[in-house]
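[1] Generate a structure from the sequence data that follows.
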Amino acid sequence: MKKNIAIAMGGYSSEFRISINSGNVVYKNLDRSLYEPYRVHIMRNEWFVVTDNDTPYPINKSNFTVKINDKTIVFDCVFNTIHGTPGENGLLQAYLELIGIPQTSCGFYQAALTFNKRDLISVLRPYGIKTATNYFLDKGDEVPVDEIIERVGLPCFVKANKAGSSFGVTKVKEAENLERATLVALKEDDEVIIESFLDGTEVSVGVITYKGEVLALPVTEIVSENEFFDYEAKYLGKSQEITPARLTEEQTLKVQNISKMIYSKLKMKGLTRSEFIFHNGEPHFIEMNTTPGLSEASILPQQAEKAGISLKELFGSAIEAALVR
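    This is a model prediction of the structure:
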């Protein structure tokens, strides 16, 4: 019997449209001989299933079921493609765990931890993971410009602590622009992380559970036409994404092994993508995405293709792993 799969997409953040795109790609590529997929739009004021003729059917939030043409659909699994809240910060994961529905991404604790850049860095440092030098601010704090620059230097990056797709990120080259950059970050989150500039090659490493094994995918090198890998570079073609990355074999194995170690130490599940910059020859960890973009042009699907894994296989394996859990 086919499994009913709810593909959760949308969310409450600036990444809504990006998530819809990812969810539609999953919907298109699931094996129809094994799964009956349903597109579930998660929005702040309403959750509903969208059918192929664009008719919306409301989700019953008490048990995550939907009634379509007088038939109640019970979902066997949720494929989580929400970038940002509530699908990437643990809220959706906790809700689904409470009502007993498996889902394809990591657990609620891991999602909350990895979505919080400041907390994640603090957890990983005891394992010897190299990162940028950083400075933290909260909404309402004064911005001690001289103190910040003494610690992180210029140029530096000012980021929203809990946001994705490079929303709320500014590269600051001059001291007088630092306070304005914090205001940009605070539009996305009430916490700010300020990081030293790392000069070097930026790479992205997908780590997934595939057919029961933790697998590091081929590494992607990111060459942005802009100052950094911002929204335009990620989604509007202003970058080159080179897979496999132009690294030595030793560098490739090192960053893949670090990525797998992080995945294992954090007890991750599902599809993840971690970002690094090779600074002074050493990979420095930037962040981890636990619901990475899944369009055909997104980085993780590119890496899977290079590894000989089709989207149908990639998505099917994620569902089967969730059902086993």
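
[2] How much space separates the residue of the chain positioned farthest from its centre from residue 54?
    Computed with Cα atoms, centre = their mean, the maximum C-alpha offset from the centroid of the chain is found at residue 70, amounting to 36.4 Å. Distance of residue 70 to residue 54, computed by Cβ to Cβ, to the nearest Å: 20 Å. Any C-beta I mention is one placed from the backbone N, CA and C, and that applies to glycine too.

[3] Where is the longest helix in the protein?
    The residue-count maximum for a helix in the chain (DSSP state H) belongs to helix 249-265.

[4] Show me what that helix is in contact with.
    For helix 249-265, contacts defined as Cβ atoms under 8 Å, 6 or more residues apart in numbering pick out 124, 127, 129, 203, 205, 207, 214, 216, 219, 244-245, 247, 268, 272, 274, 276, 278, 281, 283, 285, 288.

[5] Inside helices: which ones of those residues?
    residue 124.

[6] now the contacts of helix 249-265: which count as buried?
    124, 129, 203, 205, 207, 216, 219, 245, 247, 268, 272, 274, 276, 278, 283, 285, 288 (16 or more other Cβ atoms under 10 Å).

[7] OK, contacts around the first one?
    Listed by Cβ under 8 Å, 6+ apart, the contact set of residue 124 reads 131, 262, 265, 285.

[8] try the second one
    Residue 129 makes contacts with 258, 262, 285, as judged by Cβ under 8 Å, 6+ apart.

[9] Distance of the residue nearest to residue 139 when sequence neighbours are not counted relative to residue 140?
    Nearest residue to residue 139, sequence neighbours excluded (Cβ to Cβ, 6 or more residues apart in numbering): residue 190, at 4.1 Å. For residue 190, the distance to residue 140 equals 8 Å [Cβ to Cβ].

[10] Helix or strand with the lowest mean pLDDT in the protein?
    The weakest-scoring helix or strand in the chain, judged by mean pLDDT, DSSP states H and E, is helix 231-235 (a mean of 49).

[11] Could I get the CA-only coordinates of the longest strand along the chain as CSV?
    Using DSSP state E, we find that the single longest strand of the chain is strand 200-210. What follows is strand 200-210, C-alpha atoms only, in CSV (Å, rounded to 0.1, in the frame of the first residue of the first chain):
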residue,chain,number,x,y,z
GLY,A,200,39.7,31.9,1.3
THR,A,201,37.8,29.3,-0.7
GLU,A,202,34.2,28.8,0.4
VAL,A,203,32.8,25.3,0.1
SER,A,204,29.6,23.5,0.9
VAL,A,205,29.4,19.9,2.1
GLY,A,206,26.2,17.8,2.0
VAL,A,207,26.0,15.1,4.6
ILE,A,208,23.0,12.7,4.5
THR,A,209,21.8,9.4,5.8
TYR,A,210,21.5,7.4,2.6
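
[12] With that, I have no additional questions.
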